[in-house]
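Asker: Mind folding the following:
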Amino acid sequence: MKKNIAIAMGGFSSEYRISINSGNVVYKNLDRNKYNPYRVHILQKEWFVVTDDDTPYPLNRSNFTVNIKGKLITFDCVFNTIHGTPGENGLLQAYLELIGIPQTSCDFYQSALTFNKRDLISVLRPYGVKTAVNYFVDKGDEIDPDEIVEKVGLPCFVKANKAGSSFGITKVKSKDDIIQATKFAFKEDNEIIIESFLDGTEVSVGVITHNGEITALPVTEIVSENEFFDYEAKYLGKSQEITPARLSDDQTKEVQEIAKLIYRKLKMKGFSRSEFIFHNNEPHFIEINTNPGLSEASILPQQARAAGISLEELFGSAIEAAMK
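Answerer: Numbering: from 1, shown residues only. Modelled structure (predicted):
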């Protein structure tokens, strides 16, 4: 019997439209011989299912069901494509666990931890994972540009601590610009992280559970036309993404092993995409995305194709793993 799959998309953050794009790609590529896919929009004010004729049907939040033309639809699994809150910070995962519906991304604790950059760094450092030098600020704290520069140097990056797709990030070259950069970051989150600049090759490593095995996909090298891999570079074509990356075999193996170590130690599930910069010829961890972009041009699907894995196989494997 075919399984009913809810493809959760949208969310409450600035990444809403990116998530809709990812969800529609999953919807298009699921095997109709195995699955009945439904596009579920989860927004702050309403949750609804959109049918092929673009008719919205309200979703019952108490049990995650929908009534379409008099037929009650229940779901066997949720394919989680929400970037940002509530799909990437643990809220949706916790809700679905409470009502007993499996979902394709990692569990709620791992989602909350990985969405919080500074907490994640604290957890990974004891395992020898190298990172930039960091300085943390909460909203309401007194900001001392001199102290920040003394700790992390210039240039540095000022980032929203809990935000994705490079929202709320500024590359700061002058001490005089730090205050304005923190104001920009605080528009996305009430916590910010300030990091030292790492000069080197930026790469992205996808890790998935495929056929029951934790698998590192081919590495992608990111060459941005802008100052860094910002929103324009990610989504508006202002970057070159080279898969496989122009690394030595030893460098490729090293960064893949670190990405798999992170996946294992955090007890991850589903898809992850970890970002690193080879600084002084050593991979330094930047962040991890647990609901990475899934459009056909996104990095993880590029890597899957390079590994000989079709989108249908990639997405179907995630559903089967979740339902086990």
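Asker: Okay, now the unreliable bits of the chain?
Answerer: For the chain, the stretches with pLDDT under 70 are 164-166, 226-238.
Asker: Spatially nearest residue to Gly84, not counting backbone neighbours?
Answerer: Ser13 (3.2 Å; C-beta to C-beta, 6 or more residues apart in numbering). Any C-beta I mention is one placed from the backbone N, CA and C, and that applies to glycine too.
Asker: Check Ile242 too.
Answerer: Among residues not flanking Ile242 along the chain, Glu221 sits closest, at 4.3 Å (C-beta to C-beta, 6+ apart).
Asker: what do you get for Ala245?
Answerer: With C-beta to C-beta, 6+ apart as the criterion, Ala245 has its nearest non-adjacent residue at 3.5 Å, and that residue is Glu221.
Asker: Bridge partners for that neighbour, pull those for me.
Answerer: Note on Glu221: beta-bridge partners Val203, Ile242, judged by DSSP bridges.
Asker: List the contacts of it.
Answerer: Counting by C-beta atoms under 8 Å, 6 or more residues apart in numbering, Glu221 touches Thr201, Glu202, Val203, Glu241, Ile242, Thr243, Ala245, Arg246, Leu247.
Asker: Which of the residues you listed ranks first by neighbour count?
Answerer: Val203 (27 neighbours; other C-beta atoms under 10 Å).
Asker: what about that one, distance to Ala322?
Answerer: From Val203 across to Ala322, the span is 28 Å (C-beta to C-beta, to the nearest Å).
Asker: Same question for Leu30.
Answerer: Here Leu30 is placed at a distance of 13 Å from Ala322 (C-beta to C-beta).
Asker: With Tyr16 instead?
Answerer: Taking C-beta to C-beta, one finds Tyr16 at 23 Å from Ala322.
Asker: who's more crowded, these two?
Answerer: Ala322 (21 against 18).
Asker: now the one helix or strand that one maps to: how far from the chain's centre is it?
Answerer: If you go by DSSP states H and E, Ala322 is part of helix 311-323. For helix 311-323, the separation from the chain centroid amounts to 17 Å (computed by C-alpha atoms, centre = their mean, to the nearest Å).
Asker: Stretch 76-88 now?
Answerer: The chain centre lies 10 Å from the centre of stretch 76-88; the measure is C-alpha atoms, centre = their mean.
Asker: how far does that stretch stretch from start to finish?
Answerer: End-to-end span of stretch 76-88 (C-alpha to C-alpha, to the nearest Å): 20 Å.
Asker: how about it: buried residues?
Answerer: Across stretch 76-88, burial judged by 16 or more other C-beta atoms under 10 Å covers 76-88.
Asker: would a markdown table of the residues you listed with distance to Met9 and secondary structure be doable?
Answerer: Output for the buried residues of stretch 76-88, formatted as a markdown table (distance: C-beta to C-beta, whole Å; DSSP: H, G, I helix; E, B strand; the rest coil):
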| residue | distance to Met9 | secondary structure |
| --- | --- | --- |
| Asp76 | 18 | coil |
| Cys77 | 15 | strand |
| Val78 | 11 | strand |
| Phe79 | 9 | strand |
| Asn80 | 9 | strand |
| Thr81 | 5 | coil |
| Ile82 | 6 | coil |
| His83 | 9 | coil |
| Gly84 | 12 | coil |
| Thr85 | 13 | coil |
| Pro86 | 12 | coil |
| Gly87 | 8 | coil |
| Glu88 | 12 | coil |
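Asker: The residue of the chain positioned farthest from its centre and Tyr57: what is the separation?
Answerer: The centre of the chain is farthest from one residue, Gly70, which by C-alpha atoms, centre = their mean lies 36.5 Å away. Distance check for Gly70 against Tyr57: by C-beta to C-beta, it reads 11 Å.
Asker: And for Phe12?
Answerer: The value you get for Phe12 to Tyr57, if C-beta to C-beta is used, is 21 Å.
Asker: surely Ile169 meets Ala160?
Answerer: Yes - at 7.0 Å, Ile169 counts as touching Ala160 under the criterion of C-beta atoms under 8 Å.
Asker: which residues sit in contact with the residue nearest the centre of the chain?
Answerer: By C-alpha atoms, centre = their mean, the chain has its centre lying nearest to Asn289, at 2.7 Å. Contacts for Asn289 were tallied using C-beta under 8 Å, 6+ apart; they are His83, Glu88, Gly164, Ser272, Arg273, Ser274, Glu275.
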